[in-house]
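**Student:** pasting the sequence and the predicted model now:
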Amino acid sequence: MRMSQLLLQTLREAPGEARTPGFQLLLRGGFLRPTSQQGGAGGPTGFAFLPLGALLRQRVEDAVCHLLRSIGGQPVSLPTVRPVEAGSGAPDARDVRFRDRAQREMVLGAGHETVVLAMAVGLIRSYRQLPVLLYEVWQQFRDCGGSAAERAGGLLGAREGRVVDAYGLYRDPDELHEEYGKVRSALSEMLASWNLGAHDVIRAEDDEGRALGHATVYPAADGEEAYARCRACGYAADEAVARVGQEPPPPEALLPMQDIETPNCKTIADLAGFLGIPTSRTAKAVFLVASIAGEGDRFVFAIVRGDTALNEARLKAVLGAESIGPATEAEIRQAGAEPGYGSPVGIEGVTVVVDTLAARSPNLVAGANKPGYHTLNVNVGRDSQASVVADIAAAQEGSPCPCCSSPVVIERGVALAETQQAGDRLSRDLSATYLDSSGCGLPLALGSYRVYVDRTIAALAERCHDGSGLVWPAAVAPYRVHLMTVGKSSPEVNAAAERVYAELADAGVEVLFDDRDERAGVKFNDADLLGAPWRVAVGERGLQSGMVEVKARDRSDVQLVALEQVVSFVAR
């Protein structure tokens with residue numbers, strides 16, 4: 001491509017709303033242009049990809065698709081808009097719903113799991129056809145509704161963007177687990193090869209603690225993802241599922257309960273300060289109302305130790321609740337407890353879920369269920385009964401790592417890739433089955449994999465740049481070579497540059513030819529800004545000895561290469 005023909009406008013300065021260096025360079029380099037503004041702190045959330053940006057996007061998509069094909073993936077193209085009745089199960093909160101002219105309810109889906117399974121009905125008949133991996137590239141729109149996704153700004157916070165989705169269909173959970181590991185590892189290694197420095201974060205676990213879902217998260221202070229990470233051993237998990245190391249406290253004799261007056265001590269901090277004890281010697285009661293399918297609302301006592309916090313997502317999973325929320329003071333008193341001074345001691349007919357660490361900790365201080373009083377030496381099992389004992393404590397800054405007990409940090413970021421072992425629940429709902437070797441019909445096990453192309457571009461721009469501009473990895477660079485003429489224009493210089501341009505193109509090397517009538521400084525600055533891996537400069541001085549200047553974008557030295565060897569040099 002000749003720059004004189006390319007729709008391109010480079011900028012000396014980025015627009016004021018561009019906050020991060022990488023995003024500024026994408027705008028300055030003419031890769032994309034804002035088209036919509038939400039008015040929030042994150043700046044623009046809609047973008048047009050200009051020719052350079054579209055080519056960059058295509059390179060990333062091609063790299064992901066090539067990887068998926070190399071591990072057996074096959075391409076498909078699936079409908080984005082479908083009738084609501086085509087789906088099943090709980091609706092995805094990110095779906096966009098609307099009515100067509102015939103007033104049929106339609107959905108602009110955030111994913112295609114149900115479509116893939118509906119397609120598989122009658123198509124996947126035998127275990128001999130499994131496993132199968134299908135993939136697609138499509139434009140996704142998420143109804144994030146002003147959520148934290150937009151806080152990051154730029155491409156990291158855009159509501160619309162390109163994604164590559166893959167869906168694996170498997171015989172059973174064991175095959176799903178094995179193949180899932182292969183696909184996830186391949187995607188993680190690909191992103192790591194681009195020097196992204198992302199973290200592999202656990203998103204979901206089964207009852208035995210086996211990871212069922214992961215995200216590859218790029219660190220970003222304003223990102224939508226909050227996760228706990230151990231810098232010592234590498235453990236990382238979404239804040240909602242992160243486990244807390246729970247070393248049992250030393251044993252001690254169980255002392256008799258004793259009520260004690262604790263005026264104006266409605267918080268754990270106030271209570272610990274008043275009694276002069278660490279918060280780890282207290283029990284924290286959280287009063288909630290859980291909505292259980294087929295049962296309705298249920299009042300719940302959640303008990304954690306005072307030096308920890310409640311993980312509502314874990315509690316919700318333990319209860320199998322559709323939703324969970326705080327109880328009102330009236331509901332708390334109706335259950336027989338006292339707001340600010342409550343505990344399950346002496347309370348009957350309510351669901352009590354106690355965190356494992358709290359259940360193991362002897363002689364805690366808990367509420368006495370009367371205003372201004374707490375009870376010393378409360379012990380779960382002796383003084384109150386737990387309906388369920390489970391890990392429901394939330395990871396916080398400094399909490400012990402569940403793997404090595406080192407303190408974890410809470411970080412934020414943006415997911416570049418997401419993978420999940422969805423299992424066979426949706427297959428059962430849609431009757432997506434196959435016949436095993438004995439002729440029995442079994443549900444298909446589903447694995448889903450996603451790479452966010454535009455977010456990956458944004459992360460690459462943030463990671464791969466210097467003070468002069470972008471430094472694209474060769475695997476995804478829009479052009480491998482930035483060719484230019486420099487110095488005094490002459491027929492000999494122009495002819496040599498045209499020769500190099502033609503030879504590079506014939507060799508299949510992507511080349512951007514700066515054939516503009518501009519000063520050498522302008523051309524060099526634009527070459528650094530746009531970030532092609534190689535810069536080739538043809539000038540009169542070098543040609544006198546049959547040489548041209550070649551410079552790698554990530555190095556400072558310039559090499560002289562014989563004119564006839566340029567193609568082999570940059571294509572290596």
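**Tutor:** Structure received. All figures in this text were calculated on a predicted structure; none of them were measured in a lab.
**Student:** give me the number of residues near residue 537?
**Tutor:** Neighbour count for residue 537, taken as other CB atoms under 10 Å: 22. Bear in mind the C-beta positions are built from the backbone N, C-alpha and C, glycine included.
**Student:** hmm, I typed the wrong one, I wanted residue 359.
**Tutor:** Neighbours around residue 359, by other CB under 10 Å: 18.
**Student:** repeat for residue 5
**Tutor:** If you count neighbours by other CB under 10 Å, residue 5 ends up with 10.
**Student:** what's the pLDDT at it?
**Tutor:** pLDDT recorded at residue 5 is 95.
**Student:** one more: residue 84?
**Tutor:** pLDDT, read off for residue 84, is 81.
**Student:** try residue 38
**Tutor:** In this model, residue 38 is scored at 53, pLDDT.
**Student:** what of residue 235?
**Tutor:** Per-residue pLDDT puts residue 235 at 95.
**Student:** and what of residue 534?
**Tutor:** Taking residue 534 on its own, its pLDDT is 98.
**Student:** SS state for the residue positioned nearest the centre of the chain?
**Tutor:** Centroid-nearest residue in the chain, with CA atoms, centre = their mean: residue 415, separated by 1.8 Å. What DSSP: H, G, I helix; E, B strand; the rest coil gives for residue 415 is strand.
**Student:** show me the contacts for it.
**Tutor:** By CB atoms under 8 Å, 6 or more residues apart in numbering, residue 415 lies in contact with 215-218, 224-225, 452, 455.
**Student:** cutoff 10 Å now
**Tutor:** By CB atoms under 10 Å, 6 or more residues apart in numbering, residue 415 lies in contact with 149, 156, 198, 201, 203, 214-218, 223-225, 227, 238, 450-452, 455.
**Student:** after the lowest-mean-pLDDT helix or strand in the chain comes which helix or strand?
**Tutor:** When each helix and strand of the chain is scored by mean pLDDT, DSSP states H and E, strand 44-49 comes last, with a mean of 78. For strand 44-49, the following helix or strand on the C-terminal side (DSSP states H and E) is helix 51-70.
**Student:** just the buried positions in that following helix, please.
**Tutor:** The neighbour-count check on helix 51-70 (16 or more other CB atoms under 10 Å) flags 52-53, 55-61, 63-65, 67-68 as buried.
**Student:** distance to residue 514 and pLDDT added to the residues you listed, as CSV?
**Tutor:** Shown next, in CSV, are the buried residues of helix 51-70 (distance: CB to CB, whole Å; pLDDT from 0 to 100):
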residue, distance to residue 514, pLDDT
52, 13, 98
53, 18, 97
55, 16, 98
56, 18, 98
57, 22, 98
58, 21, 98
59, 20, 98
60, 24, 98
61, 26, 98
63, 26, 97
64, 30, 98
65, 30, 98
67, 32, 98
68, 35, 98
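**Student:** quick check: domain ranges of this protein?
**Tutor:** 21-243+410-461, 258-394, 481-570 (automatic domain parsing).
**Student:** make TSV from the ones you listed and add distance to residue 14 to it.
**Tutor:** Below are the domains of the chain laid out as TSV (distance: least, CB to CB, whole Å):
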stretch	distance to residue 14
domain 21-243+410-461	4
domain 258-394	38
domain 481-570	11
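**Student:** wait, residue 244 touches residue 397, no?
**Tutor:** No: Residue 244 lies out of contact with residue 397 (CB atoms under 10 Å); the separation is 11.9 Å.
**Student:** give me the common contacts of the two.
**Tutor:** Shared contacts of residue 244 and residue 397 (CB under 10 Å, 6+ apart): 228, 408.
**Student:** compare those two (neighbour count), which wins?
**Tutor:** Neighbour totals were compared for residue 244 and residue 397, and residue 244 leads with 23 against 10 (other CB under 10 Å).
**Student:** neighbours of residue 437, just the number please.
**Tutor:** Here the number of neighbours of residue 437 (other CB under 10 Å) works out to 9.
**Student:** wait, residue 572
**Tutor:** Neighbour count for residue 572, taken as other CB under 10 Å: 5.
**Student:** tell me how far it lies from residue 501.
**Tutor:** When CB to CB, to the nearest Å is the yardstick, residue 572 and residue 501 sit 19 Å from each other.
**Student:** one more: residue 291?
**Tutor:** Per CB to CB, residue 291 is found 67 Å from residue 501.
**Student:** so for the two, which residue has more residues nearby?
**Tutor:** More crowded of residue 291 and residue 501, by other CB under 10 Å: residue 501, with 20 against 15.
**Student:** residues contacting that one?
**Tutor:** Residue 501 touches 1-2, 481, 483, 511-513, 515, 536, 538, counting by CB under 10 Å, 6+ apart.
**Student:** ok, 6 Å please
**Tutor:** Residue 501 makes contact with 483, 513, according to CB atoms under 6 Å, 6 or more residues apart in numbering.
**Student:** doesn't it lie inside a strand?
**Tutor:** No: counting by three-state DSSP, residue 501 is located in no strand; its state is helix.
**Student:** how near is it to residue 494?
**Tutor:** Distance, residue 501 to residue 494, using CB to CB: 10 Å.
**Student:** go on, residue 142?
**Tutor:** Taking CB to CB, one finds residue 142 at 49 Å from residue 494.
**Student:** so for the two, which residue has more residues nearby?
**Tutor:** residue 142 (20 against 13).
**Student:** burial measure for the closest residue to that one other than its chain neighbours, as a count.
**Tutor:** Among residues not flanking residue 142 along the chain, residue 94 sits closest, at 4.5 Å (CB to CB, 6 or more residues apart in numbering). Using other CB under 10 Å as the criterion, residue 94 is surrounded by 18 other residues.
**Student:** what does the one 3 residues further on give?
**Tutor:** Under the neighbour criterion other CB under 10 Å, residue 97 is assigned a count of 12.
**Student:** beyond the helix or strand it falls within, next helix or strand please.
**Tutor:** Under the criterion of DSSP H and E, residue 97 resides in strand 96-99. Counting by DSSP H and E, the element after strand 96-99 in chain order, helix or strand, is strand 105-108.
**Student:** list the buried residues for that next one?
**Tutor:** Burial within strand 105-108, assessed by neighbour count using 16+ other CB under 10 Å, is assigned to 106-108.
**Student:** tell me which helix or strand comes right after it.
**Tutor:** helix 113-120.
**Student:** same for that following helix, what does it pack against?
**Tutor:** Judged by 3 or more CB pairs under 6 Å, 6 or more residues apart in numbering; DSSP states H and E, the packing partners of helix 113-120 are helix 425-430.
**Student:** quick one: list the elements packing against the helix it packs on.
**Tutor:** By 3+ CB pairs under 6 Å, 6+ apart, helix 425-430 packs against helix 113-120.
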